[in-house]
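Novice: Turn this into a model:
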Amino acid sequence: MTDASLNTAAQPAANQGPYDAGFGDYFALLKPRVMSLVVFTAAVGLLAAPGSLHWVEAVCAILFIAIGAGASGALNMWWDADIDAVMKRTAKRPIPSGRVEPQDALVVGCALSGLSVMFMALATNWLAAGLLAFTIFFYAVVYSMWLKRSTPQNIVIGGAAGAFPPMIGWVAVTGSISIEACLMFALIFMWTPPHFWALALFMRSDYDDAGVPMLTVTHGRKATRAHILAYTVLLAVLAVAAGFTQIGGPLYLAVAVICNVIFLRDAVRIWRRTEEDAEADNYKVEKSFFKFSLLYLFVHFGAILFEAVLPVANWM
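Specialist: Residues are numbered from 1 along each chain as shown. Below you'll find the model as predicted:
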């Protein structure tokens, strides 16, 4: 990727028309679908933490985490406007489609970043605000500007950005980092690679066209399938182990065992398949694995939330 191509992040993409942004276009910059997972996991981290916040402080904490996540999304879209324009999956985003000017996206991202961190500190504590600031920096700079275009391990390392929200929620309440906060972080961190690599298996042409060194591009699909299985095994061990900690319990443990048996089964099926098998059924198994992965975190964190709010142990 040349310097010239990198600099196109600040220029209108080739398929852009006149800038005519509305509120919905600016909201789309914040990646609301990603934000929904961020808000949910952050809320679980906050509610599962020992201690409590006043409800106003709790609502503010979740709001500022959501705004910080949205700021990261806007900065990512500003920087990635050039590759978004050539990928089918992202070509309709506000900047490559011509609805939002790149510099406007940059201003929105920077302004929301500063506001979210400042008000997070005022609403909770400086450690939570510092973690939020680091998360924004990690996603916008470390992942988007460096890792994504330079290494096939982009998703592995970059997954840390999406794993911080439950830890921030926990720290907002306790003012400290514990093993439970780290386990929630690790659950998302280990889930991210198989989730995105499954997508890359049936969307490889997008990454080829954009010049993004996804594992499928640099090492091939056979190696990617083996990596999916390896990370899914590690994820399953971690997910079940969390059931024996403060954030776990009987319900969580049952959910973790069932979900991870299904996830492992499909990961093994993906590993055993050849490209001829996948092409013959239009990547049916890979798409099924990816769709289930979308539910995976919601189900696990939902169980953590249930254990925190209505402990099953008290019913027995």
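
Novice: Would you mind measuring from the residue nearest the centre of the chain to Val237?
Specialist: Nearest residue to the geometric centre of the chain (C-alpha atoms, centre = their mean): Gly162, 3.9 Å. Distance of Gly162 to Val237, given as C-beta to C-beta, to the nearest Å: 20 Å. C-betas here are computed from N, CA, C, even on glycine.

Novice: Ala129 now?
Specialist: Taking C-beta to C-beta, one finds Ala129 at 33 Å from Val237.

Novice: Next, the buried residues of stretch 85-95.
Specialist: Ala85, Val86, Met87, Thr90, Arg93, Pro94, Ile95 (16 or more other C-beta atoms under 10 Å).

Novice: Is Val100 part of a helix or strand, or is it coil?
Specialist: Look at Val100: counting by DSSP: H, G, I helix; E, B strand; the rest coil, its state is coil.

Novice: Pull the number of nearby residues for the closest residue in space to Pro213 that isn't next to it in sequence.
Specialist: With sequence-adjacent residues excluded and distances taken as C-beta to C-beta, 6 or more residues apart in numbering, Pro213 is closest to Pro152, at 5.0 Å. Using other C-beta atoms under 10 Å, the number of residues around Pro152 comes to 18.

Novice: Pretty sure Val212 is one of the things Pro152 touches, is it not?
Specialist: No. The pair Pro152 / Val212 is not scored as a contact, 9.4 Å apart, by C-beta atoms under 8 Å.

Novice: list the contacts for the residue nearest to Pro213?
Specialist: Pro213, Met214, Leu215, Val217, Thr218, His219 (C-beta atoms under 8 Å, 6 or more residues apart in numbering).

Novice: Can you tell me the SS state at it?
Specialist: Under three-state DSSP, the three-state class of Pro152 is coil.

Novice: Arg269 is in contact with Tyr283, isn't it?
Specialist: No. Using C-beta under 8 Å, Arg269 makes no contact with Tyr283, being 11.9 Å away.

Novice: out of these two, which sits in the more crowded spot?
Specialist: A count of neighbours by other C-beta under 10 Å puts Tyr283 above the other of Arg269 and Tyr283, at 20 against 17.

Novice: what's that one in contact with, if anything?
Specialist: Contacts of Tyr283 by C-beta under 8 Å, 6+ apart are Leu201, Phe202.

Novice: try it again with 10 Å
Specialist: Neighbour list for Tyr283: Ala198, Leu201, Phe202, Met203, Ile270, Arg273, Glu275, Asp277, Phe289, Phe290 [criterion: C-beta atoms under 10 Å, 6 or more residues apart in numbering].

Novice: Show the pLDDT at it.
Specialist: Looking at Tyr283, its pLDDT reads 89.

Novice: can you pull the pLDDT of Ile95?
Specialist: Ile95 is given a pLDDT of 90.

Novice: Go ahead and confirm the residue nearest to the centre of the chain touches Val38.
Specialist: Yes. Here Gly162 reaches Val38: they are 7.2 Å apart, a contact under C-beta atoms under 10 Å.

Novice: thinking Leu294 is in contact with His195, fair?
Specialist: Yes. Shown here, Leu294 and His195 form a contact pair, counting by C-beta under 10 Å, at 7.8 Å.

Novice: Quickly list what's touching both of Pro152 and Val212.
Specialist: Thr218.

Novice: between Ala129 and Val237, which one's more packed in?
Specialist: Neighbours per residue (other C-beta under 10 Å) separate Ala129 from Val237, with Ala129 holding more: 24 against 12.

Novice: residue contacts, the closest residue to that one other than its chain neighbours?
Specialist: Excluding its sequence neighbours, the residue lying closest to Ala129 (C-beta to C-beta, 6+ apart) is Ala121, at 3.6 Å. The contact partners of Ala121, by C-beta under 10 Å, 6+ apart, come to Phe64, Leu127, Ala128, Ala129, Gly130, Leu132, Ala133.

Novice: Alright, that wraps it up for me.
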